[in-house]
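>>> Below is the structure, and that's it, no one-letter string:
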């Protein structure tokens, strides 16, 4: 194999292909990036039996062929090269990289033992890349991190014709995002995707105009596989991954909160206040929000060592009409910060029921506007000591 490619294109392509390589591969060959060259194109790919990454880029191919080399090492080398054309030559057992006065020689891995990289599943539709990335970020923040409970580490994607819905929960918080997309045809299905993979995938396609989604239906080749594709100036990028098994919990009824009181406050001001007051909140102790007429007050403490209190102007409505003074609501500081960080509107709307019960957060473009229900984030409130 002999190819010539610009350094910047090479570095970007190798970084993409190596992105999903495991830190501790179960077999040495799974640490490799496969490079295939033919017909003026180079395909770089990786696969760990769960997730695959593939990128197709143009190149000058003098001699077609394919080779398997250490992905992380090749990525480090590619980034370090001067900004000049790179010549890659591979023969039996080695691959040489020449760039200007620089030369590297890498030992190759046995490509005959490398697993077949999955193909992109049949396309079911497409969505604007920036809309996709924003939606995934808003929901993935609520996914669990405990690998012993895999179903909670995923984001559920529901497809119902022209509506795409993302849901995630770690049992203590939950998020739902609904958006319009462009389906290829009438489709009603669902898939549970690892949140980490979905989040990094969505971010990596931000420079593409659109993201194409492929899904292998039950009983077809590649069953249990979902794929994402983005086309940009740097090439055609694809990610495939295995869907998670298990029954995702039913969440929608929890989102239908009938509030006893609501609070509207400026998002940026609340974000800053939570960061400041949260500095003295001990782990597993709540950040308290006291709600009064025309304001909210945040307070937290580290035993007797430190306390913090901050008040903010707010629009407060007593839905029950009982003469409002709500008992303090206890928030997990990190959960509240995470929720506020992905609310993109100028104002945030809280719906409270009772102490210790779920609290709903949605966005508002204006203090007097109707809540935007396309994104809903629920946080289970902490019980406060009496």
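Yes, it's here. Here the structure is a predicted model, which means the values were calculated and not measured.
>>> Quick check: chain neighbours aside, which residue is closest to the residue nearest the centre of the chain?
Per Cα atoms, centre = their mean, the C-alpha nearest to the average position across the chain is that of residue 199, at 1.4 Å. Nearest non-adjacent residue to residue 199, counting by Cβ to Cβ, 6 or more residues apart in numbering: residue 140, 4.3 Å away. Yep, even glycine has a C-beta here, placed from its N, CA and C like the rest.
>>> Please apply the same query to residue 28.
Closest residue in space to residue 28, ignoring its immediate chain neighbours: residue 109 at 6.7 Å, by Cβ to Cβ, 6+ apart.
>>> SS state for that neighbour?
Following DSSP: H, G, I helix; E, B strand; the rest coil, we place residue 109 in the coil state.
>>> which residues sit in contact with it?
28, 29, 31, 32, 68, 69, 70 (Cβ atoms under 8 Å, 6 or more residues apart in numbering).
>>> Of these, grab the buried ones for ChimeraX.
Buried residues among the contacts of residue 109 (16 or more other Cβ atoms under 10 Å), as a ChimeraX selection:
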select :29,31,32,68,69,70
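>>> burial count for residue 1?
Residues lying near residue 1 (other Cβ atoms under 10 Å) number 19.
>>> my guess is residue 142 contacts residue 166, does it?
No - contact criterion Cβ atoms under 8 Å: residue 142 and residue 166 do not qualify, at 10.0 Å.
>>> The two: which has the busier surroundings?
Between residue 142 and residue 166, counted using other Cβ under 10 Å, the more crowded position is residue 142 (27 against 24).
>>> Using the three-state scheme, assign the more buried one.
Under three-state DSSP, the three-state class of residue 142 is coil.
>>> in the sheet, who's paired with the residue lying closest to it once chain neighbours are set aside?
Ranked by Cβ to Cβ, 6+ apart and with sequence neighbours excluded, the top spatial neighbour of residue 142 is residue 175, at 3.9 Å. Taking DSSP bridges as the rule, residue 175 bridges to residue 168, residue 377.
>>> quick one, what contacts residue 175?
Contacts of residue 175 (Cβ under 8 Å, 6+ apart): 138-139, 141-142, 166-169, 339, 375-378.
>>> Quickly name whichever of those is closest to residue 353.
residue 378 (10.9 Å; Cβ to Cβ).
>>> where exactly do the strands run in the stretch 251-386 of the chain?
261-266, 287-292, 295-302, 306-313, 315-318, 326-331, 347-352, 358-364, 372-380 (DSSP state E, counting those that start in this stretch).
>>> Least confident of those, on average?
Here the strands of the stretch 251-386 of the chain differ in mean pLDDT, and the lowest is strand 326-331 at a mean of 77.
>>> For whichever strand or helix holds residue 131, which helices and strands make contact with it?
Secondary structure from DSSP states H and E places residue 131 in helix 129-140. If you count contacts as 3 or more Cβ pairs under 8 Å, 6 or more residues apart in numbering; DSSP states H and E, helix 129-140 packs onto strand 154-160, strand 163-169, strand 173-180, helix 195-204, strand 210-215.
>>> what about these, which gets the closest to residue 119?
Short answer: strand 210-215, nearest of those by Cβ to Cβ, at 9.0 Å.
>>> Just checking: what are the partner strands of that closest one?
For strand 210-215, pairing defined by DSSP bridges yields strand 123-128 (antiparallel), strand 225-232 (antiparallel).
>>> Could you tell me the angle between that strand and strand 154-160?
90 degrees (axes from the mean of the first three to the mean of the last three Cα atoms, to 10 degrees).
>>> how big is the angle separating strand 210-215 from helix 129-140?
Here the directions of strand 210-215 and helix 129-140 differ by 60 degrees (the same axes, to 10 degrees).
>>> Give me the below-cutoff pLDDT ranges for the chain.
Where the chain drops to pLDDT under 70, the residues are 219-222, 320-327, 386.
>>> ok, now with 50
By pLDDT under 50, the chain has no low-scoring segment.
>>> End to end on stretch 148-162, go ahead and measure it.
34 Å (Cα to Cα, to the nearest Å).
>>> show me what contacts residue 5?
Contacts of residue 5 by Cβ under 8 Å, 6+ apart are 42, 57, 59, 60, 85, 86, 88.
>>> Please produce a PyMOL select command covering the buried subset of those residues.
Here is the PyMOL selection string for the buried members of the contacts of residue 5, based on 16+ other Cβ under 10 Å:
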select buried, resi 42+57+59+86+88
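>>> Next step: the contacts of residue 5 restricted to helices.
Cross-referencing the contacts of residue 5 against helices under DSSP state H gives no overlap.
>>> Of the contacts of residue 5, which is the nearest to residue 350?
residue 57 (48.0 Å).
>>> Nearest residue to the closest one in space, ignoring adjacent ones along the chain?
residue 235 (4.0 Å).
>>> Repeat that for residue 93.
residue 108 (5.8 Å).
>>> I'd say that neighbour and residue 90 touch.
Yes - contact status for residue 108 versus residue 90: in contact at 6.7 Å, counting by Cβ under 8 Å.
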